[in-house]
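Student: take this sequence and fold it.
(one chain, ligands or ions: 1)
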Amino acid sequence: MKFTKMHGLGNDFIIIEEEQTGKYSDYTVLAQKLCDRHFGIGADGLLIVAKSQIADIKMRIFNADGSEAEMCGNGIRCFAKYVYERGILKKDKFEVETLAGVIIPTLYIKNGIVDSVMVDMGKPVFDDAIEDLPIEAGDRHFNITYVNMGVPHVVVFMEEINVEDILKYGPIIEHHKLFPHGTNVNFVKIGNRDDIYVRTWERGVGLTLACGTGTCASAVAACKSGRAPEKLTAHLAAGDLRIEWVHNGNVYMYGPAEFVFDGSIELSK
Ligand SMILES: N[C@H](CCC[C@H](N)C(=O)O)C(=O)O
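Tutor: Prediction:
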């Protein structure tokens, strides 16, 4: 089975075209095996390239724990670069069917190579009952804001972000009773003027170097609460994303996508 490894700011993915999967039809098990960083290829998630009846192409995303997510921001930038450069689609703007709806990436191409991708991430969905809401998580209290960007996100504003807090409280909030299907958790520090810092504990994955939908959710929550402007730069662990929220409208994410390597694998069992 042929696969391609890619990443968006270190949020890394294995990409496989559906016709390659053959007997491996259980994508939950396939994602668990392939994403394992010791016994498999290693990745935050598995992206499946599939045919669509309603759009140019379909993307399915499975987290490392095997759970299928509705959407993936860093993943769809990698997916868009892959389908263009492998000649599957020959357009620089196209429609991708996802469980979160049809998402539209636009490719910025130099000499036939995709240099960066802009994604129309659609409109954020809020829950008025979960805006700066104080909750208990273990031995701490956090004020959380819920923003759905196709996948559920909680945004927590902090004076300082430290990884120990993320590792300790991320999983507690991920499985909080308010979120029966779990949630991603974004720890956000406001920057100087038009920038924020984001680190994400991802549902079904854990601490990642970047989360595209989480960064959009964080930017929207910062703007909505008056902490940041509509257009800002988000600093992640391994680089920046540009986020623009046409107020009360769609969110646009601009960022890179990189190839790492191609490979093939036959699973033992
Ligand atoms: N873990 C997420 C899916 C991946 C989202 C993230 N990798 C992104 O770039 O948006 C979830 O289960 O909701």
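
Student: domains in this protein, by residue range?
Tutor: 2-119+255-264, 125-249 (automatic domain parsing).

Student: where does pLDDT dip in this protein?
Tutor: Counting by pLDDT under 70, the chain contains low-confidence residues at 269.

Student: spell out which residues of it are next to the ligand.
Tutor: Residues of the chain found near the ligand (Cβ under 6 Å from any ligand atom) are 11, 45, 63, 69, 72-75, 151, 184, 202-205, 211-214. Where C-beta positions appear, they are placed from N, C-alpha and C, glycine not excepted.

Student: return the subset of the residues you listed lying in strands.
Tutor: Under the assignment DSSP state E, the residues of the chain next to the ligand contribute N11, G45, N63, A69, N184, E202 to strands.

Student: do you have the helices of the chain handy? List them.
Tutor: Assigned by DSSP state H, the helices in the chain fall at 18-21, 27-35, 73-85, 163-174, 212-224.

Student: would you list those in JSON lines and tack on mean neighbour count?
Tutor: Converted to JSON lines, the helices of the chain look like this (neighbours: other Cβ atoms under 10 Å):
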{"stretch": "helix 18-21", "mean neighbour count": "14"}
{"stretch": "helix 27-35", "mean neighbour count": "20"}
{"stretch": "helix 73-85", "mean neighbour count": "26"}
{"stretch": "helix 163-174", "mean neighbour count": "18"}
{"stretch": "helix 212-224", "mean neighbour count": "29"}
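
Student: closest one to F259 among the ones you listed?
Tutor: helix 73-85 (7.6 Å; Cβ to Cβ).

Student: alpha carbons of that closest one, as PDB, please.
Tutor: Extracted C-alpha coordinates of helix 73-85, given in PDB (Å, rounded to 0.1, in the frame of the first residue of the first chain):
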ATOM      1  CA  GLY A  73      -7.200  22.500   9.000                       C
ATOM      2  CA  ASN A  74      -3.600  21.600   8.700                       C
ATOM      3  CA  GLY A  75      -4.600  18.300   7.100                       C
ATOM      4  CA  ILE A  76      -6.600  19.900   4.300                       C
ATOM      5  CA  ARG A  77      -3.700  22.200   3.300                       C
ATOM      6  CA  CYS A  78      -1.600  19.000   2.900                       C
ATOM      7  CA  PHE A  79      -4.400  17.200   1.200                       C
ATOM      8  CA  ALA A  80      -4.900  20.100  -1.300                       C
ATOM      9  CA  LYS A  81      -1.200  20.200  -2.100                       C
ATOM     10  CA  TYR A  82      -1.100  16.500  -2.600                       C
ATOM     11  CA  VAL A  83      -4.100  16.200  -5.000                       C
ATOM     12  CA  TYR A  84      -2.800  19.100  -7.100                       C
ATOM     13  CA  GLU A  85       0.900  18.000  -7.300                       C
END
